Each structure stands twice: as structure tokens, then as C-alpha cells.
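Undergrad: predicted model and sequence below, questions to follow.
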Protein chains: 2
Amino acid sequence: MPAPGGHRLTIRIDLDSGVRVGPGKIALLEAIESAGSIAGAGRKLKMSYKRAWDLVEELNRNFGQPLVLKAPGGAQGGGAQLTISGSALVKHYREIEQAAHDAASRPLSEVGRLTQKPD
Amino acid sequence: MPAPGGHRLTIRIDLDSGVRVGPGKIALLEAIESAGSIAGAGRKLKMSYKRAWDLVEELNRNFGQPLVLKAPGGAQGGGAQLTISGSALVKHYREIEQAAHDAASRPLSEVGRLTQKPD
């Protein structure tokens, strides 16, 4: 997410259950939501269908409940949509990112200043 | 950094200058500070001397000013210490991490709850 001066913060969450959630999985969930299918999300993210499918399986298995609902379909699978929990994960992740970005604004600017050559 | 329920947030900063700072480089700077040498820091982090040295060179080159001062020495190099800028980078990174953790406490708990099986 862009921050003051164009700096960006990326957040990774390591849950005590061992589940890790970072920008890649969140982008995949968002792409499934907008594309309406795992195949479409994979194309959007330039990710193979197998890779996208495997990530969805991993997410559904690691969380206590499905995050993505898959409908049976043709060779490349049918449609897919986020469950309420899937949408909630995306929403909370983006909230965490926004909160971190807002809270870190001042020290982030300070770090940016360190990359400027001293006068 | 530990958060409510044992969840952890990891922060990566992408500065608009292209420099990336994450937990690995910060841990190396902190280890140099406490060990007083790049070799000692590498041993502490189970990182080869060459790998630790290369990361320090990259940090010093990418920031506009040195973050680590190296003293000439024997085969494994002499002592090393952080410059004021190096110490400031570590301090600001830890501030960003703490601010993110504090600000994200509530949505992070919500994400943790998603990994529990529904009743």
C-alpha cells in the first residue's frame, strides 16, 4: 500500500495456528471475487491454474472453514466465489494494512529520509 | 512481533528509492550491534560470513549513507558497528512494527477467529 513519499508497507500475518497470510493469498482471493472463477483469477495474476487451485485448497484446509466455494465445471473448473469468511479475511487484512500504514506514517518518512544523501 | 492471541505481524518496507527493508536485514543490523562484528553477527544468525558481508554492502550502497562502519582486521574482518543512521533505521523499523501491531490489534483478532472451526 502506498505511504507518504511513495514508500510501501507490506504485511504478513503469522497466525498462532501456523497459518500464514500475505499479499499473494489476499490478491488471489480478491481476484477470485472479481473474476468469479479460480481460472480467471489465475489468468489475472499470471499464475497457473494449478498454482491458484493449490493455494485455494491450502487456504480452505488451513482455515477452519472454507474461504472459497468452488462449483463443479468443465476442464478448467466452474465458477468460484468467496464465502463470508473469505470476504472477512480480505476485509480484515486490508484493515490491518491501512491501520499499519496510518500508524507508521511518521517513522516511515524517517526511514525514507535515511536514503537521501546527507547535505 | 507477537500480537493478541500469539499472532505475529511481519512488516516489509519498500522505499520509493527501490530499497527494501524487512525482518532479515533488521535482524542482521541488530546482531552486528550486539556482536560488534559482521562475523559474530553471521554466527549468531547462522548466516555465512560472505552472506552477512554482502547484505551489509548492499545496505550501505542502497542507503545514501553507510549504516555499518567496518574496521579492517584479520581473515574474518575486524570489528563493525552501526552508524547513527544504522541505529536510526533499526529504531524506526521497530517503531513501525510496534505501531502496526498496536493499530491492527482488533482486525488481527478477527482474522485469528476465522481459523477456528465454527460452532
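TA: Now that the structure is in, tell me what you want to look at.
Undergrad: now do the strands in chain A.
TA: Using DSSP state E, the strands found in chain A span residues A:8-14, A:20-21, A:68-70, A:80-82.
Undergrad: so the longest one, near chain B or not?
TA: Yes: counting by CB under 8 Å from any CB of the partner chain, chain B has neighbours in strand A:8-14: A:8-14. C-beta: built from backbone N, CA, C; applies to glycine.
Undergrad: likewise for the last one?
TA: No: under the criterion of CB under 8 Å from any CB, chain B is not reached by strand A:80-82; the shortest gap measures 12.1 Å.
Undergrad: tell me how far the closest residue in space to residue A:53 that isn't next to it in sequence lies from residue A:59.
TA: With CB to CB, 6 or more residues apart in numbering or on different chains as the criterion, residue A:53 has its nearest non-adjacent residue at 5.7 Å, and that residue is residue A:38. Using CB to CB, to the nearest Å, we find residue A:38 at a distance of 11 Å from residue A:59.
Undergrad: who has more neighbours out of the two?
TA: residue A:38 (26 against 20; other CB atoms under 10 Å in any protein chain shown).
Undergrad: if we can go back for a sec, dump the strands of chain A to a markdown table, plus mean pLDDT and mean neighbour count.
TA: What follows is the strands of chain A, written out as a markdown table (pLDDT from 0 to 100; neighbours: other CB atoms under 10 Å in any protein chain shown):
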| stretch | mean pLDDT | mean neighbour count |
| --- | --- | --- |
| strand A:8-14 | 91 | 19 |
| strand A:20-21 | 90 | 20 |
| strand A:68-70 | 90 | 18 |
| strand A:80-82 | 94 | 18 |
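Undergrad: flag the shaky bits of chain A, pLDDT-wise.
TA: The model of chain A has pLDDT under 70 over residues A:1-5, A:72-77, A:117-119.
Undergrad: just the helices in chain A please.
TA: Along chain A, counting by DSSP state H, helices occupy A:23-35, A:38-44, A:49-62, A:84-103, A:105-114.
Undergrad: right, so of those, which gets closest to residue B:103?
TA: Proximity to residue B:103 (CB to CB) singles out helix A:84-103 among those, at 3.7 Å.
Undergrad: what's the closest one in contact with?
TA: With contact meaning CB atoms under 8 Å, 6 or more residues apart in numbering or on different chains, helix A:84-103 is reached by A:1, A:3, A:9, A:11, A:13, A:21, A:26, A:29-30, A:33, A:63, A:65-68, A:82, B:9, B:11, B:96, B:99-100, B:102-104, B:107-108, B:110-111, B:114.
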